[in-house]
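Enquirer: here you go, sequence then predicted model.
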There are 2 protein chains.
Amino acid sequence: MREAVLAIHGGCGAIPKAELTPEADIAARAALRRALEVGYAVLTGGGLATDAITEAIVVMEDDPSFNAGFGAALNRAGQHELDASLMDGASGRAGAVAGASRIRNPVRVARRLMEASDPLLLIADAADAWAAANGFAVVENAYFTTHERREALERMLEREWVDDISPASERDRHGTVGAVALDTHGNLAAATSTGGYTAKPVGRVGDTPIIGAGTWADNRTCAVSGTGKGELFIRLAFGHEVHARMLYRGESLEVAISGLVHGELVALGGGAGACAIDRSGNVSLPYNTEGMYRGWIRQGASYVAIHET
Amino acid sequence: MREAVLAIHGGCGAIPKAELTPEADIAARAALRRALEVGYAVLTGGGLATDAITEAIVVMEDDPSFNAGFGAALNRAGQHELDASLMDGASGRAGAVAGASRIRNPVRVARRLMEASDPLLLIADAADAWAAANGFAVVENAYFTTHERREALERMLEREWVDDISPASERDRHGTVGAVALDTHGNLAAATSTGGYTAKPVGRVGDTPIIGAGTWADNRTCAVSGTGKGELFIRLAFGHEVHARMLYRGESLEVAISGLVHGELVALGGGAGACAIDRSGNVSLPYNTEGMYRGWIRQGASYVAIHET
């Protein structure tokens, strides 16, 4: 029996410290703790990494503090388009949905698609229809909308209208939830779920449902879930690049992932972060933005933070 | 001025030699030659690799011999859903569309999206709408349908009806077109376009529009376009894996790509092939199926083949 470890992120689009109300701070930390506890209970019960990360992400999808599921960002048409993916490091199988608009918990569908991995990726209305036909909870698109996300969309469109090119608040731009785990059987797994970013073009898909970009897991190396400017994660094949640097260059997880988050991604101008874990249970939670909702848990210890702390 | 080289594939779902009529053989070879000539003319004129591969693929998209654009496979609902992507090895920029149903030449839209790479990937109806709004030719979905693809769908559904689990003919299963080039400026680029496979689930997306899976290009190493069982290409991060083995393990293109096509992909049971080119202009055209439509062209020499020849 290996020691079980779970790590999560709630996006590197953390609300700037000066803008974060005490209430929002408390709510986000409580949700991160709950996600860690729910996922960790799966692991300590001898469950699989794939199931632990699914349950952890469902908690965050259902919590409005994060940009995934309920509380997801609105696209420029005022609709939600949700992406999620999951990869099993033991088998190399994976599942994903992109542009779903009615699946209550996209990560659950990604988890199920992983089982056969054929099809591996379903998009748009067909993803919703597949989910409904396979017994998953489907909801009206408006279910995902919160007052805060509606205001964020209005702020963003207003900014464009007055041609204000100052960077939008990070909270309006990035946002994703992710989880990685090492289970007691020595298996690694990674999953990611998102609503994209506020006022994103209709039909735009980022790195979250792209295996090799926003999500990657391989028992030989690591499990990784990214958050940030998705197009850049795709161009770098971020998740698979971390894996390759470990496997072929012999880098540690920390060196490999920090090199990308503080190196290539900064050079390309992309706000970015990630949660990752290696086969020995080492956790890495790098980010190059002001903050990232994040945490980890293992026997006798846990950690939750938003900005420096 | 470097020597310019262009290589293409028309899918590893080549018609079995015994079933290929002389007429179909002649038509496919003529189309491959035309694609090579059109793309190579861009290169010898001092054009960019990204433009050369776009023009080569347009020829194949417009030709019914191949499963992309006109003559694309039909999904189980009798509709066409088209995927394409393109990556520029000089800048690392990329563009892609998935699940488009009205874009006449999906590779052209991928090429344009590559310019800003933001959004990088557009899906479903939104991809069609973006293409129309940006001046690309859009057509009715039925434009893509040929008599042969309609028959292939009927064969496939009939096979399921009688519960015939014998492997379907390769020609009904795989099929993709791809192109890679090295231009006179030393730039590499790769692009891929497909209709998926006959009777694919509605909304299923394979590796073709996934940067890092079906398409990858990096001036430091290689340009790669895959064809075959897309889900396996995604699980292996095929294109990026070839790149990583070259960059970090020092393998040659031939060793890296053959290792995957004849190694991991065979082990996973996936019919597969690819066209690839390295920074020195070496071409690799591996496949593990009965045949693959393929060819290359460089100064004073060209090659076209379907099966062994």
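Expert: Done, it's in.

Enquirer: what ranges do the strands span in the stretch 101-250 of chain A?
Expert: In the stretch 101-250 of chain A, the strands defined using DSSP state E, counting those that start in this stretch lie at A:121-123, A:177-182, A:188-194, A:204-205, A:215-217, A:222-228.

Enquirer: for the second one, packing partners?
Expert: Read it as strand A:177-182. In terms of contacts (3 or more Cβ pairs under 8 Å, 6 or more residues apart in numbering or on different chains; DSSP states H and E), strand A:177-182 is packed against strand A:5-9, helix A:22-44, helix A:49-61, strand A:188-194, strand A:222-228, strand A:272-278. From N, CA and C alone the C-beta is placed, and that goes for glycine too.

Enquirer: try the third one
Expert: Using 3+ Cβ pairs under 8 Å, 6+ apart as the contact criterion, the secondary-structure elements in contact with strand A:188-194 are helix A:49-61, strand A:82-88, helix A:106-116, strand A:177-182, strand A:215-217, strand A:222-228, strand A:272-278.

Enquirer: follow-up on the earlier one: got a markdown table for the strands of the stretch 101-250 of chain A, with mean pLDDT and mean neighbour count too?
Expert: Shown next, in a markdown table, are these (pLDDT from 0 to 100; neighbours: other Cβ atoms under 10 Å in any protein chain shown):
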| stretch | mean pLDDT | mean neighbour count |
| --- | --- | --- |
| strand A:121-123 | 98 | 29 |
| strand A:177-182 | 98 | 34 |
| strand A:188-194 | 98 | 34 |
| strand A:204-205 | 98 | 28 |
| strand A:215-217 | 99 | 33 |
| strand A:222-228 | 98 | 33 |
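
Enquirer: closest to B:S252 out of those?
Expert: strand A:215-217 (25.3 Å; Cβ to Cβ).

Enquirer: do the closest one and chain B meet?
Expert: Yes. Using Cβ under 8 Å from any Cβ of the partner chain, strand A:215-217 reaches chain B at A:W216.

Enquirer: check the offset of that strand from the chain's centre.
Expert: Centre-to-centre, strand A:215-217 and its host chain are 11 Å apart (Cα atoms, centre = their mean, to the nearest Å).

Enquirer: quick one: low-confidence ranges for chain A?
Expert: Along chain A, the model assigns pLDDT under 70 to residues A:14, A:163-174.

Enquirer: nearest spatial neighbour of the closest residue to chain B within the stretch 151-300 of chain A, skipping sequence neighbours?
Expert: Per Cβ to the nearest Cβ, A:G203 is where the stretch 151-300 of chain A lies closest to chain B, at 2.2 Å. Closest residue to A:G203 apart from its sequence neighbours, by Cβ to Cβ, 6 or more residues apart in numbering or on different chains: B:A126 at 2.2 Å.

Enquirer: ok, the one you found touching A:K200?
Expert: No. If you go by Cβ atoms under 8 Å, B:A126 and A:K200 don't touch, sitting 10.5 Å apart.

Enquirer: what sits in contact with each of those two?
Expert: Common contacts of B:A126 and A:K200 (Cβ atoms under 8 Å, 6 or more residues apart in numbering or on different chains): none found.

Enquirer: how many residues are close by the residue nearest to A:G203?
Expert: Other residues lying near B:A126 total 23 when counted by other Cβ atoms under 10 Å in any protein chain shown.

Enquirer: do A:G186 as well
Expert: Applying other Cβ under 10 Å, we find 15 residues neighbouring A:G186.

Enquirer: grab the nearest non-local neighbour of it.
Expert: With Cβ to Cβ, 6+ apart as the criterion, A:G186 has its nearest non-adjacent residue at 4.9 Å, and that residue is A:R2.

Enquirer: isn't there a strand covering the one you found?
Expert: No. A:R2 is assigned coil when assessed by DSSP: H, G, I helix; E, B strand; the rest coil, not a strand.

Enquirer: near chain B, which residues of the stretch 51-200 of chain A?
Expert: Within the stretch 51-200 of chain A, the residues that sit near chain B (Cβ under 8 Å from any Cβ) are A:92-94, A:98-99, A:117-127, A:129-130, A:200.

Enquirer: for the residue in the stretch 51-200 of chain A that chain B sits nearest to, give me its contacts.
Expert: Nearest to chain B in the stretch 51-200 of chain A, going by Cβ to the nearest Cβ, is A:A126, at a distance of 2.2 Å. Residues near A:A126 by Cβ under 8 Å, 6+ apart: B:G99, B:P201, B:V202, B:G203, B:R204.
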